[in-house]
Every structure is written in structure tokens, then in C-alpha cells.
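>>> with the sequence up front, the predicted model follows.
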Amino acid sequence: MIKPINIIRLNNNNIVNNKTSFVSYPAFGSEEKDSFEKSNKIEPPIQEPEASICTPQQIQFQEELLNLPNIHCPICGTKMLTQKDFQNILQQAENVKTPEEYTDLLRANQEFLPDGKLAILKNADKIIEKNPEIDLATFMQSLKQTSTEYVDNMFQQNIDYLQAHIDSEMYVDSDIKRMKACIKDFQILKQKNIDENTLIYKEISDTLKKNLAGIESSNINQIYNHIKNNFKAALAYKTAVNIRKDETTPQKDITKQAFSRIFQSSVSKISPVQQNSEELNSDIANNILICTSCDKNKQNSLKFYPHNVDYKKLNKNFDNYSRDITNAICNNSFPYPMYFGRMASMVYSISMHSVGLSKDKLYGYKTKIDDFGRKVNFQPLYLNDDIPCSCCGTTMVSFNKMDEISEQVKKAKTLPELNNIIQTNKKYLNRKLLSLADFINDMTVEHPNISYEEAMTEVQIEDAILLQKRFGHIVKKIREKSNSLIGNQEQRDEYAKLADELEEEFIKHKHLGFINFTKYKDIYSKYPVTDQRDAFRLIPLIKYKGKEYIAFYNVAHASEAKTEKYGSEMQAFVRNMFNMSAHTMDHSEAKSRGGDNALNNLIGMCHSCNTGKATHDIGYWAMVNPEMKRNTIKNLKRIDELAKQGKLDGYENYATNVSENLYNISYGTFDIRYAFNKGKTKHKK
């Protein structure tokens, strides 16, 4: 059994107005913190008694979280070791007899090494290549000597980095003066590193604070973090290979100590997300798995706040952590489906909405469980295939199917292979994408050897033509409305101007690039619909349908990140086609309107419809989407069918409860109870 985590109290001077000061961030890694604190005379934080006693359920939860393999640290991105795996590495280290066995053990576990320590393996291979007959003791001594050169190179890299900023002529004279002073101090410390071969924590820290803390440029965080991370990697390397020994120490103990230093920083630990909160001490959502290095480096509960950190990289690392935990839940190796969504909300709040998650990986975990993480008989809905969207009726793509399609798209090398993926899974495509799917199929038949680039150009041209046709329908309806108005010349003129502007922007001008919805919003917002008798027909057409048309048009214009991830813009486009139908869970009563995460307040919607509905009232959304009642009944009946077949545990009364909730929150306007309750009949119109 593990000990419950302790909540650390911090000196109030470390937190000012919910923001950490510049100097509150440490410049070094976990292995260096003890020496760093001693050299800076930092008093350790006072550990206070826990405000509440951990229940057996909490302790069991923490044990299961700690034992999860293949989890990446949400802060630094390092793949973490469980304590059990760490001990296995140390046991194997005791049996290492040669340099080759040393490097083989490193190589077998290199996925757990942070960037700085990967250089140990690289230098170890060089040593063996130069001297194949070297013994283990001499080999480790040679590896130790490489640390001085590694730190020396890191000094030079940071000097060159600062000089490049100076040469860019982007900074005021006072900032240039500070950077030049920092370069001068680094040159002195570089020579000291060579002469004395010491771990100069305090000097580097003082240099960074003295010279960089006062820079006025907005790039200060970028510069500081780049240099800090470089030194963190170098000093972690030096600490790992500098093993103290005497003549009586057995070689196996020295080797074991070396591997302990190399991998200790990657061992997973549990940390509270929100510290200094007695109210959250008993909540399992206040636990997060991070590596030992990040656990030692954190200064306070605002470690996720994007102040003086590369929050874009942090966001990416947290997204990887999201995927790892999600996979563990979906594989039934971590039976806490509600934990992650609640913890993620906490991180999102603490980070001032700067650190988020992939939404389509979280919606399936929204249901009620108690504060102590009691196991529930619950299975995420989006793991199941062939469930129709409750709004548009499209067959939604399950989480596992989405992963399968994404992997197939990445591996596709030719257009016929991509087309085969599209045609095989065509039932999942939204009807607004079917014409593009048919266009790709025809193009593949006529030109099977066409390149991805040429095919993408043709698809984007066809997509632009479809956009023109769809906006042609909107403009036609607006003109009809304008001509039908009698005795209201001012309103007729407004409608005519709106139609003219939309025609000019979206029909006469053929778009071949990404369209920002803000541009469209700026147009229709200038001409408000004042005729309330026709509001429920014109507003959805102008506002929501126009937005929807643009969203489907943008599917063919993938971002650079998606293009890089899937190999080409064409592959990213195909993946985006299916992502529009991804199974997500919508709050029937939006959380911003007082809704909660109760299971009866969650209903399946495809990604496209969920995005469109946003926080709208369910009754209003059903009015502007008349097919929603029919499709919601189909959705609930399919889930009811799966529950009766034993494929969905915990959903026996789901359809009845959801239909009742929809009726209540819509004040009776969204009534489908007759489809699930025998005692109630359909209302006659």
C-alpha cells in the first residue's frame, strides 16, 4: 500500500495575485534541486498535516494510477516509468558486466530518457567504437569525462543563441546591454567548468536572474526558457554520469547507482493539481501523474499557469497525457471513467484556460460518480459503433474506429488507397461530404496515378464550387424574403444589401483557401433580422447554415500541423472528413446554463452538430433543426437496443431518463417521451 499524498503548504510570498514571480521558477532539473536549494539557501516548504484522512477507495485509486504503464508526463512530455519497471532496470543493472551490456540496457529503455540524457547513450556508443576492448570501469570513467565537454558545448550554444538575438536588431539598447553582460558571464562560467569540473548551479542561476530578469522585450519568456532548458539538460547529464566511488565499492553497486541516477527522474509520482486546498484533498480529481523531475521542480499549484513557460509545448504534452489515460480507461486497465474529465477541468481552470485537451477524447466520460472515486458500472458511449447523431442522423464514428481510420490514412501511399478508405467507410460521412467522396472516387477511376498534390488541388476547386452553390441557396431565400415584404421599404433594403454582400463574397468570388467564420459573421451582423414572424426560418438559414457550410468547406483546408501529422494535405483532408462525424457527447442543458455532467444530461452528437449547437437551448435548437426529434429517437433506441443485448452496461434506463430530461429542460417543447414510456402517448397536434 502506498502512503496518501501530502499537500504541501507554500510560503505566501511565493504567490502574488495568482501569478508567480519571474525568479520563482527553478533553472535546473530534479537531480539538481537539492544542491540548488542549498547553494541558494532556500528553505524547504513546510509540510503541514493533511486536512482529511484518505479513504481506502482513494488509496486504491492512487495505487492503480501509479501502476499505469506507458504514460507521458503532462508537463515535460517524458515517458514515465512505474516504480516496478524502475526496480527491474536496477536489477538488470546489477548484472551488467561489459560496456556493451551497459549500452544495450540503456538502448532497451531509451524511450524513458529525457532529451538531455539521450546524449549519454550517444556518447557511450562513441566510446565503445573508439576502444572496443575497454572494460566497464574505464568505460564509465570515460563517460564521466564527456560531461565536461557536454556542458561546455551547452554554454557555447547559449552564447550563440543570445548573440543571434543581439544581431537581430529587434531589441532596445538596455536589453542588448543585459544580453551582452549575460554572454560575458557565461564565458567566465564556461572556463570555470573546464578548469574545475564542478556543478556550478548557483552561478548559472544568479547569472540568469541578474541579466535576463530585467529584459523589457515580450520575448523574455522564450529566451529564458530556451537557456534554462539547455542548462537543465546539460546539468542532468553531468549529474547522471558523475558517480562517486571508492576502492571498496563493488562495480555492480556503481553501475546500479549510475542507472538509478539516469532513470530516477522518469519515475512516475502522484502530485496534487491544486495545492493549498483543503476542500479538494479528498477528491481523486486533484491527483495527477507526473515524473519525479517535474514533481521536484514544481513551486506551487500554478505550475500549469502559462507564465514564464512554453505553454504551447505544455499543451501538447498534456494532450499526450490525455491520450495515454484515455487509452488506459478504454482498455479497462484504469476503471475510473470520470477521473480524467474532472481533473482536466481543474487544470483548465488553473491554467487560465490555456492548457486544454482533445475534446473528442473526453466527452464519453461525463457521468455522475461520488467524490471518492467509487467504481461505477459505466462504459463510454463513443466506444460503440453505428450510433446515429441525435441531431443530423449521421452514423457517428466511434473512438476506436476513428483511431483505425486515422492509422489507415497515415499509411496510405496512393490516391486509390485513400479512396478505398473513403468508400469502405462511406456510411460515416455527413451527407454534405458525400458529393466530395463521389468526386474523389470518379477522379481515382479516371486518373489512378495522380499525385496527392494534384488531387488536393482538384478537390479544393470542387469544394469552392459547392460553397458557391450552397450560398446561392441562402442568397436566393434572402431575396425572396426581401421581395415578399410589403410596406416596409427599409427592411427590404436591408435584406437586399445583405444578399448583395453575400453574393459578392461567396458566389462571385471563388475561395480557394481557409475561411475564417468571423469574416462571415461580420457581414450578417450588420443586417439584423427584425421580422420576428420569419425569424425561425431566416436566422438559422443565414447564421447557422452559413456557418455550417463554411465549416464543411474548411475540411478541405487542413492546418499545417495536421498536414505534417498525416503526411500530406490530402491525407489530412480525408481524416478531417471522418472527424466531422466523430462521436462526441453534448450537454443537453449547457453547463453555462446550469447543466451538469449527469448521464441523463448527455446525448451523442457528431462533432459537426455539437460544434454548431454550442450552448444553445435544446428547445430552440430543435426548432431550427426540425429533424432533431426524429434523430434523437433513433439515437436513444439504438442505445436501448445495445443495452438490452448486454453490450452497454449501466444504460438500461438511459433512454427513458434522457427523454424525460429533454422534456423538462425544454419546458415541454421537446417531448419524445411517448417513444420510451408506455404510460405516455404522443401528443396530438
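It's in.
>>> rest of the way, CA atoms for contacts and neighbours
Noted.
>>> next, count neighbours for the closest residue in space to Glu569 that isn't next to it in sequence.
Of all residues beyond its chain neighbours, the one nearest Glu569 is Thr563 (4.8 Å), with distances taken as Cα to Cα, 6 or more residues apart in numbering. Thr563 has 16 neighbours, counted by other Cα atoms under 10 Å.
>>> and Thr563, how far is that from Arg575?
Using Cα to Cα, to the nearest Å, Thr563 is found at 10 Å from Arg575.
>>> likewise Lys401?
Counting by Cα to Cα, the gap from Lys401 to Arg575 is 12 Å.
>>> the more surrounded of the two?
Neighbours were counted for Lys401 and for Arg575 using other Cα under 10 Å; Arg575 has more, 26 against 18.
>>> surely the more buried one meets Ser406?
Yes. With contact defined as Cα atoms under 8 Å, Arg575 reaches Ser406; the gap is 6.1 Å.
>>> what helix or strand does the residue nearest to Glu548 when sequence neighbours are not counted sit in?
Using Cα to Cα, 6+ apart and skipping the chain neighbours, the partner closest in space to Glu548 is Gly612 (7.2 Å). Per DSSP states H and E: Gly612 is located in helix 607-613.
>>> next one: Leu467
In this assignment (DSSP H and E), Leu467 forms part of helix 452-484.
>>> that helix: what's the following helix or strand?
The helix or strand immediately downstream of helix 452-484 is helix 489-503, counting by DSSP H and E.
>>> in that following helix, what's buried?
Residues 491-492, 494-499, 502-503 are the ones in helix 489-503 that count as buried (16 or more other Cα atoms under 10 Å).
>>> got it, and stretch 174-181?
By 16+ other Cα under 10 Å, the buried positions in stretch 174-181 come out as 175-176, 178-181.
>>> ok, back up a step: now do the helix holding Gly612: distance to the chain's middle.
The chain centre lies 19 Å from the centre of helix 607-613; the measure is Cα atoms, centre = their mean, to the nearest Å.
>>> next helix or strand past it?
Downstream of helix 607-613, the next assigned helix or strand under DSSP H and E is helix 618-624.
>>> check which helices and strands that next one sits against.
If contacts are counted by 3 or more Cα pairs under 8 Å, 6 or more residues apart in numbering; DSSP states H and E, helix 618-624 sits against helix 535-539, helix 654-665.
>>> any idea how far His607 is from Glu501?
On the measure of Cα to Cα, His607 and Glu501 end up 30 Å apart.
>>> before we move on, back to that, in what helix or strand does the residue nearest to Glu569 lie?
Per DSSP H and E: Thr563 is located in helix 560-566.
>>> now do the buried residues in that helix.
For helix 560-566, a neighbour-count test (16+ other Cα under 10 Å) marks 562-563, 566 as buried.
>>> show me where the stretch 251-400 of the chain has its strands.
With DSSP state E, counting those that start in this stretch as the criterion, the stretch 251-400 of the chain has strands at 268-272, 287-291.
>>> could I get the ones you listed as a markdown table with mean neighbour count?
Below are the strands of the stretch 251-400 of the chain laid out as a markdown table (neighbours: other Cα atoms under 10 Å):
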| stretch | mean neighbour count |
| --- | --- |
| strand 268-272 | 24 |
| strand 287-291 | 26 |
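>>> to Asn123, which of the ones you listed lies closest?
strand 287-291 (24.7 Å; Cα to Cα).
>>> touching, the residue nearest to Glu548 and Tyr544? I think so.
Yes. Here Gly612 reaches Tyr544: they are 7.1 Å apart, a contact under Cα under 8 Å.
>>> before we move on, the earlier item: return the residues in contact with the residue nearest to Glu569.
Contacts for Thr563 (Cα atoms under 8 Å, 6 or more residues apart in numbering) come out as 569-572.
>>> including pLDDT, could those go into TSV?
Written out in TSV, the entries for these read as follows (pLDDT from 0 to 100):
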residue	pLDDT
Glu569	91
Met570	93
Gln571	93
Ala572	92
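>>> any idea how many residues pack against the residue nearest to Glu548?
15.
>>> can you check Gln58 too?
Residues near Gln58, counting by other Cα under 10 Å, number 19.
>>> equivalent analysis for Glu63, please.
Burial of Glu63 is recorded as 16 neighbouring residues (other Cα under 10 Å).
>>> same question for Asp522.
Residues near Asp522, counting by other Cα under 10 Å, number 10.
>>> can you pull the contacts of it?
Contacts for Asp522 (Cα under 8 Å, 6+ apart) come out as none.
>>> quick check, pLDDT for it.
Looking at Asp522, its pLDDT is 82.
>>> now name the helix or strand holding it.
helix 517-524.
>>> and the angle for that helix with helix 489-503?
Per axes from the mean of the first three to the mean of the last three Cα atoms, to 10 degrees, the angle that helix 517-524 makes with helix 489-503 is 150 degrees.
>>> list the buried ones in helix 517-524?
520, 524.
>>> can I get that helix as CSV, trimmed to CA atoms?
What follows is helix 517-524, C-alpha atoms only, in CSV (Å, rounded to 0.1, in the frame of the first residue of the first chain):
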residue,chain,number,x,y,z
PHE,A,517,-16.0,32.4,-39.8
THR,A,518,-15.5,35.8,-38.2
LYS,A,519,-15.5,37.2,-41.7
TYR,A,520,-18.9,35.8,-42.4
LYS,A,521,-20.2,36.9,-39.0
ASP,A,522,-19.1,40.5,-39.7
ILE,A,523,-21.3,40.5,-42.8
TYR,A,524,-24.6,39.2,-41.5
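>>> now do that helix: distance to the chain's middle.
Here the centre of helix 517-524 is set off from its chain's centre by 29 Å, with Cα atoms, centre = their mean.
>>> what's in contact with stretch 160-169?
176, 179-180, 183.
>>> quick one: average confidence on that stretch?
If you average the pLDDT over stretch 160-169, you get 84.
>>> how far is it from where the chain is centred?
That offset, for stretch 160-169, works out to 33 Å (Cα atoms, centre = their mean).
>>> got the buried residues for it?
Within stretch 160-169, the residues that count as buried by 16+ other Cα under 10 Å are 162, 166.
>>> which SSE is immediately downstream of the one helix or strand in the chain whose mean pLDDT sits lowest?
The helix or strand of the chain with the lowest confidence, counting by mean pLDDT, DSSP states H and E, is helix 33-40 at a mean of 39. Downstream of helix 33-40, the next assigned helix or strand under DSSP H and E is helix 56-66.
>>> what is the next helix or strand after that following helix packed up against?
Counting by DSSP H and E, the element after helix 56-66 in chain order, helix or strand, is helix 83-94. Helices and strands touching helix 83-94, by 3+ Cα pairs under 8 Å, 6+ apart, are helix 99-108, helix 251-263.
>>> looking at the ones you listed, which is nearest to Ile128?
Closest to Ile128 of the helices and strands packed on helix 83-94, according to Cα to Cα: helix 99-108, at 7.2 Å.
>>> can you pull the buried residues of the helix or strand just after the closest one?
For helix 99-108, the following helix or strand on the C-terminal side (DSSP H and E) is helix 115-130. For helix 115-130, a neighbour-count test (16+ other Cα under 10 Å) marks 115-121, 123-125, 127-128 as buried.
>>> backbone phi and psi for Trp605, please?
Small correction: residue 605 is Met, not Trp. phi -140, psi 150 (degrees, to the nearest 10).
>>> could you find the closest non-adjacent residue to it?
With Cα to Cα, 6+ apart, the residue lying closest to Met605 is Cys389, at 4.7 Å.
>>> residues near the one you found, how many?
30.
>>> wait, what's in contact with it?
Contacts of Cys389 (Cα under 8 Å, 6+ apart): 395-396, 583, 604-606, 631-632, 635.
>>> so which of these is the most crowded?
The member of the contacts of Cys389 surrounded by the most neighbours (other Cα under 10 Å) is His583, with 33 neighbours in all.
>>> secondary structure class for it?
With DSSP: H, G, I helix; E, B strand; the rest coil as the basis, the three-state label of His583 is strand.
>>> show me what it bridges to in the sheet.
Beta-bridge pairing for His583 (DSSP bridges): Cys606.
>>> look up how far Tyr161 lies from it.
Relative to Tyr161, His583 is positioned 46 Å away (Cα to Cα).
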